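> Need coordinates for the following:
(one chain, ligands or ions: 1)
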Amino acid sequence: MVKHENFKTCTQSGFCKRNREFADRAAESSWKSPYALDPASITFSKGQLSGTILKTINEGHEKASLPLTITFLDSGVARVTVDEERRQKGDITLRGDSKARKERYNEAGSWALVGGLAVSEGAALSDKAEQGYTKVFYGDGGKHQAVIRHEPFGIEFQRDSQTQIKFNERGLLNVEHWRPKIEKPVEEKKEGEEEKKEGEEEKKEGEEEKKKEEEKEEEPKGEDESTWWDETFGGNTDSKPRGPEAIALDISFPGYEHVYGIPEHATGLSLKTTRGGDGNYNEPYRLYNADVFEYELDSPMTLYGAIPLMQAHRKGSTVGVFWVNAAETWIDVVKSKTSANPLSLGTKSHTDTQTHWISESGILDVFVFLGPTPQDITRQYGELTGFTAMPQSFAIAYHQCRWNYVTDEDVKDVDRRFDKFDIPYDVIWLDIEYTNEKKYFTWDPLTFVNPDKMHKHLAKRDRKLVAIIDPHIKNTDNYPVIDELKKKSLAVKNKDGNDYEGWCWPGSSMWIDAFNPAAITWWKGLFKYDSFKGTASNTFIWNDMNEPSVFNGPETTMPKDNLHHGSWEHRDVHNINGMTFHNATYQAMLERKKGEVRRPFVLTRSFYSGSQRSAAMWTGDNLAEWSHLQASIPMVLNQGISGFPFAGADVGGFFGNPSKELLTRWYQTGIYYPFFRGHAHIDTRRREPYVPGAPYTGIITQALRLRYQLLPAWYTAFHEAATSGAPIIRPNFYIHPEDERGFAIDDQLYVGSTGLLAKPVTTEGATSVSVYIADDQPYYDYFDYTLYQGAGHHTIPAPLEKIPLLMQGGHIIPRRDRPRRSSGLMKYDPFTLVVVLGKDGNAEGTLYIDDGETFDYEKGAFIHRRFAFDAGRNILTSSNLAKPSNTVKTETYLKSMAKVRVEKIIIVGAPKEWKNKKEVNVMEEGAKESKRRKSVELKYYEGSGGKASWAVVRDPKVAIGKGWKIEFGESKGHGHAH
Ligand code: NOJ
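Sure, this is the predicted structure:
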């Protein structure tokens, strides 16, 4: 069970408590938001509005100046920033002897954003603005409008004249302006009283609370200052040299009942409300990257990573906000239902979602997306923060990990057993025990005697090894890495400016400060083959514990008043910390050897917006329980719609020993995680797929083979993610944004654009599952073509050996059907195309392939095809989706693939007119005249017992990289039958 007492609740996090109380006060009718945009300050030029918000402070006697910018981007996205002039100018006094910076942290964007910032030329002030408002038209054709209210300050974002998003509608905007601490006289304590104090602390705290409550009653407007200047939690006191500096804002989505996103939480896809009530949460969703031991499910508690992107969805519209802040952040979600008004026609009942974003420090920096589709949000967010890096092809195959494979012989033994049982796998992993006493970049000389030989052994079947490297560096003698870290002063500092020392796996440790460019340069050197001896070109890296996890730190992480490069407090940058580390590792992987450029593979536990550019993630330390298997699906789906789709959960569950049934079902689910790895805690029994024995081993092997068979479809889905930001596995709402019944469905998934619909079995003893179908396309069982059709729930058989997987009509799915021991051995294997005819008889699909290893694809070395079956013309075609390019790289790659052919075409739902058909005509582009047109056998199989008919074209001998067409008969209107 998670130790709740180790992690703060909102009430224990001073700024969260203050802002929730602020929200409660703002709910009173007498409330007036003290923020006004000074109309005289407003200027507009080149797509950007600037002005000053004045915050009335000190009972109206003074005003704090808050510079505002609203930037309208070419993409139709708007960006709003609010800073605080006084801090911006450094016109404040830090408390204590703090060496921290005085400004509000304004660099989260520079870590998260990589593009999409071109400013709109067309954005323009409206000439019809009313008194008290400024209006700006922007977006494609001026479809978007920002209506800026001056007093109290607020913004409504409209699309086609309809308000989609409101800022400060509820008056919760709160920028805690700088103020000096007014020292109140404290009674001097006599010596000896100190100890007594400790024991009495709790009692006293209680009394103080009471006193404060009483004071509040006397002076209702008084602010609660108790957490302004320092804060103690779990025995650690945060010195807070800049005093209170939170920023908060309410963001409302009128007419939107569902909001998604803001990973990482172990919660459903459609977010629950957080201010109590039946079945709801009492705590806001928290984003404060932390190593949460034995995390609990269905909870808004923080986890290892943070992506402050939220999208709101209703029928016909998706919109979103991206809150660019790296400090501890809490998000309250409430919903309000407006019933239909029987007296006024047209007022339908609807639900509004209102959110309240609260960050401890930094500037306010928010991007606003107006959709209207879920695809628009993922694309625009991806343009800003970067798309998923195209992984090497092995990285999307199966990974075998445990804590720990204990010797190099053990690794080779596991490898041999996979082969003995004919189970495909690509990567074996080494957890922390491979090191010499937890000193990273070393090998335990007794257990890993010959790492070179081990790597060579794995390379025989094109297999890889991933070794763990964590950010804590053992503070010990005779370890050059720590010596250099200290000597070069590249470690994170404590508040006094000395190297911060904490406790992690190695005992006393220090942490590399990857915010420092010099630290990255140094880090790169450590991975060179001649530096990290025993590694090879098939070694890849796992970055764990990078929240950072500090065993003796507050909330298992670093003190907030620690200092990073540029004298920023850890408080300001906490949620970005993990990303800077895995980014550094990614860069290091690129430079291991001069001239050897391969796509790196780095797995990270901690992440932030932008992590997708250089890493894959997994959901950390789950439990070997059915509930955790269930929870993994919405968690991985959420990663997908939040721009970081290369995600997975530990297959089998990390803590505990899964039953054989659970393990089997977990593999059958894990084949749908974009990142697919089995992993287990050091105290668990071995559970590699060959361990459970019959029938489990065979069933698990079938599941693994299914993943391998569909690798071409997965790789194509990764390519889509890498070019459009689309998720790799997709929830119902993303595919069917009009289908209200499916908006909260998060226990089934679509694989890319393939139309493959999977409903994993996540309950014990199941023999069937209920799959939800959103549309009226025919859906066919993947294995036996049983037809399911009609919107609603369908029961499909799912005994242990059965993986419930459907194919939506209208798609063409690329596969490779020959079972191999690793994906590398499939490189030149032929393809099978499964043509799943839609209700109109048509189907289409795409395939993307490249060398799966280098960056040559960026220079045109890839194959990208579109396959289409046209029912009217009865023709299947392969056409080129790649832009014409004659680069040498393209030529060379196409040449290398020239012999790779399509060996089989299966047409599911084949029309009954084909029954007597014996052959089809095949034509390939560029083939010799004599071979241009050839006949190939067609076999028709009549379906019965609810199964569709299908047909097979065997070996049409067309190249995968070429254009071709196959005629299935005379051109005619379609005559489709199942
Ligand atoms: C914590 C990680 O979450 C887990 O996967 C790993 O096995 C242990 N650290 C040991 O490195």
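> Can you read off the pLDDT for Thr887?
You'll see Thr887 listed with a pLDDT of 84.
> Distance check, the closest residue to it other than its chain neighbours against the ligand.
For Thr887, the nearest residue in space outside its immediate sequence neighbours is Gly860; the separation is 4.3 Å by C-beta to C-beta, 6 or more residues apart in numbering. For glycine as for every other residue, the C-beta is placed from the backbone atoms N, C-alpha and C. From Gly860 across to the ligand, the span is 39 Å (C-beta to the nearest ligand atom, to the nearest Å).
> contacting residues around the nearest residue to Pro797 once chain neighbours are set aside?
Closest residue to Pro797 in three dimensions, ignoring its sequence neighbours and counting by C-beta to C-beta, 6+ apart: Ser768, at 5.2 Å. Ser768 is in contact with 795-798, counting by C-beta atoms under 8 Å, 6 or more residues apart in numbering.
> And Ala78, by the same measure?
By C-beta under 8 Å, 6+ apart, the contact list for Ala78 reads 70-72, 138, 144, 146, 157, 367-368.
> Next, format these as a markdown table and append secondary structure.
Below are the contacts of Ala78 laid out as a markdown table (DSSP: H, G, I helix; E, B strand; the rest coil):
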| residue | secondary structure |
| --- | --- |
| Ile70 | strand |
| Thr71 | strand |
| Phe72 | strand |
| Tyr138 | strand |
| His144 | strand |
| Ala146 | strand |
| Phe157 | strand |
| Phe367 | strand |
| Val368 | strand |
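> of the residues you listed, buried ones?
Among the contacts of Ala78, those classed as buried by neighbour count (16 or more other C-beta atoms under 10 Å) are 70-72, 138, 144, 146, 157, 367-368.
> Tell me the one of the residues you listed nearest the ligand?
Phe367 (31.0 Å; C-beta to the nearest ligand atom).
> pretty sure Arg79 is touching Ile363, no?
No: under the criterion of C-beta atoms under 8 Å, Arg79 is not in contact with Ile363, lying 11.7 Å apart.
> Pull up the overlap in contacts between these two.
Joint contacts of Arg79 and Ile363 (C-beta under 8 Å, 6+ apart) do not exist.
> about what we covered before: how about the residue nearest to Thr887, what does it touch?
Neighbouring residues of Gly860 by C-beta under 8 Å, 6+ apart: 882, 885, 887, 889-890, 893.
> same deal with Ile358?
Contact analysis of Ile358 by C-beta under 8 Å, 6+ apart lists 15-16, 19-20, 246-248, 284, 329-332.
> Would you convert the contacts of Ser768 into JSON lines that also reports secondary structure and neighbour count?
Shown next, in JSON lines, are the contacts of Ser768 (DSSP: H, G, I helix; E, B strand; the rest coil; neighbours: other C-beta atoms under 10 Å):
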{"residue": "Thr795", "secondary structure": "strand", "neighbour count": "11"}
{"residue": "Ile796", "secondary structure": "strand", "neighbour count": "17"}
{"residue": "Pro797", "secondary structure": "strand", "neighbour count": "13"}
{"residue": "Ala798", "secondary structure": "coil", "neighbour count": "21"}
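> quick one: which of the residues you listed is nearest the ligand?
Minimum distance to the ligand across the contacts of Ser768 is 29.6 Å, recorded for Ala798 (C-beta to the nearest ligand atom).
> the bottom helix or strand of this protein by mean pLDDT?
The least trusted helix or strand in the chain, going by mean pLDDT, DSSP states H and E, turns out to be helix 193-218, with a mean of 47.
> Just checking, which helix or strand succeeds that one along the chain?
As assigned by DSSP states H and E, the chain's next helix or strand after helix 193-218 is strand 231-233.
> avg pLDDT for that following strand?
The average pLDDT for strand 231-233 rounds to 96.
> near the ligand, which residues of the protein?
Applying C-beta under 6 Å from any ligand atom, we find that the chain lies next to the ligand at 403, 431-432, 468, 544, 605, 620-621, 679.
> repeat that for 8 Å
Contact residues (C-beta under 8 Å from any ligand atom) of the chain with the ligand: 291, 304, 401, 403, 431-432, 468, 470, 505, 544-545, 549, 605, 618, 620-621, 650, 654, 679, 681-682.
> So which of these sit within helices?
Here DSSP state H is the test, and these give no hits in helices at all.
> Of the residues you listed, grab the buried ones for ChimeraX.
Selecting only the buried entries of these in ChimeraX, with 16+ other C-beta under 10 Å as the criterion:
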select :291,304,401,403,431,432,468,470,505,544,545,549,605,618,620,621,650,654,679,681
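> doesn't Tyr381 fall inside a helix?
Yes: applying three-state DSSP, one finds Tyr381 inside a helix.
> now it, nearest residue through space, not along the chain?
Nearest residue to Tyr381, sequence neighbours excluded (C-beta to C-beta, 6+ apart): Gly643, at 5.1 Å.
> Find the residue closest to the residue of the stretch 351-500 of the chain found nearest the ligand in space, skipping its chain neighbours.
Residue nearest to the ligand within the stretch 351-500 of the chain (C-beta to the nearest ligand atom): Trp403, separated by 3.9 Å. Using C-beta to C-beta, 6+ apart and skipping residues adjacent in sequence, the residue nearest Trp403 is Asp431, 4.0 Å away.
> got it, and Glu738?
Once flanking residues are discounted, Glu738 sits nearest to Lys315: 5.6 Å by C-beta to C-beta, 6+ apart.
> What count of nearby residues applies to Asn341?
When counting by other C-beta atoms under 10 Å, one arrives at 11 neighbours for Asn341.
> contacting residues around the closest residue to Val900 other than its chain neighbours?
When the adjacent residues along the chain are set aside, Val900 lies closest to Ile960, with 4.9 Å between them (C-beta to C-beta, 6+ apart). By C-beta under 8 Å, 6+ apart, Ile960 lies in contact with 830-831, 847, 849, 863, 865, 897, 900-902.
> and those, which of them are in strands?
Of the positions in the contacts of Ile960, 831, 847, 849, 863, 865, 901-902 sit in strands, assigned by DSSP state E.
> Format the residues you listed as JSON lines; extra columns: distance to Pro658, pLDDT and neighbour count.
Shown next, in JSON lines, are these (distance: C-beta to C-beta, whole Å; pLDDT from 0 to 100; neighbours: other C-beta atoms under 10 Å):
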{"residue": "Phe831", "distance to Pro658": "35", "pLDDT": "98", "neighbour count": "21"}
{"residue": "Leu847", "distance to Pro658": "35", "pLDDT": "98", "neighbour count": "24"}
{"residue": "Ile849", "distance to Pro658": "35", "pLDDT": "98", "neighbour count": "24"}
{"residue": "Ile863", "distance to Pro658": "40", "pLDDT": "98", "neighbour count": "21"}
{"residue": "Arg865", "distance to Pro658": "40", "pLDDT": "98", "neighbour count": "25"}
{"residue": "Arg901", "distance to Pro658": "41", "pLDDT": "97", "neighbour count": "19"}
{"residue": "Val902", "distance to Pro658": "40", "pLDDT": "98", "neighbour count": "23"}
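> Columns distance to Glu720 on top of those, output as CSV?
Shown next, in CSV, are those (distance: C-beta to C-beta, whole Å):
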residue, distance to Glu720
Phe831, 18
Leu847, 11
Ile849, 13
Ile863, 15
Arg865, 14
Arg901, 24
Val902, 21
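> Can you tell me which of these lies closest to the ligand?
Set against the ligand, the nearest of the ones in strands among the contacts of Ile960 by C-beta to the nearest ligand atom is Ile849 (31.9 Å).
> Show me what that closest one is bridged to.
Note on Ile849: beta-bridge partners Ile863, judged by DSSP bridges.
> ok but Pro645 is inside a strand, no?
No: Pro645 is assigned coil when assessed by three-state DSSP, not a strand.
> residues in contact with it?
Pro645 neighbours (C-beta under 8 Å, 6+ apart): 388, 612, 639, 674, 721, 727-729.
> Look up phi and psi at Arg665.
When quoted as degrees, to the nearest 10, the phi and psi of Arg665 stand at phi -60, psi -30.
> So, low pLDDT: which residues of the chain?
For the chain, the stretches flagged by pLDDT under 70 are 129, 185-222, 342, 344-347, 929-931, 970-978.
> again, 80 this time
Scanning the chain for pLDDT under 80 picks out 129, 183-223, 340-348, 884-886, 927-933, 970-978.
> I appreciate the help and will end here.
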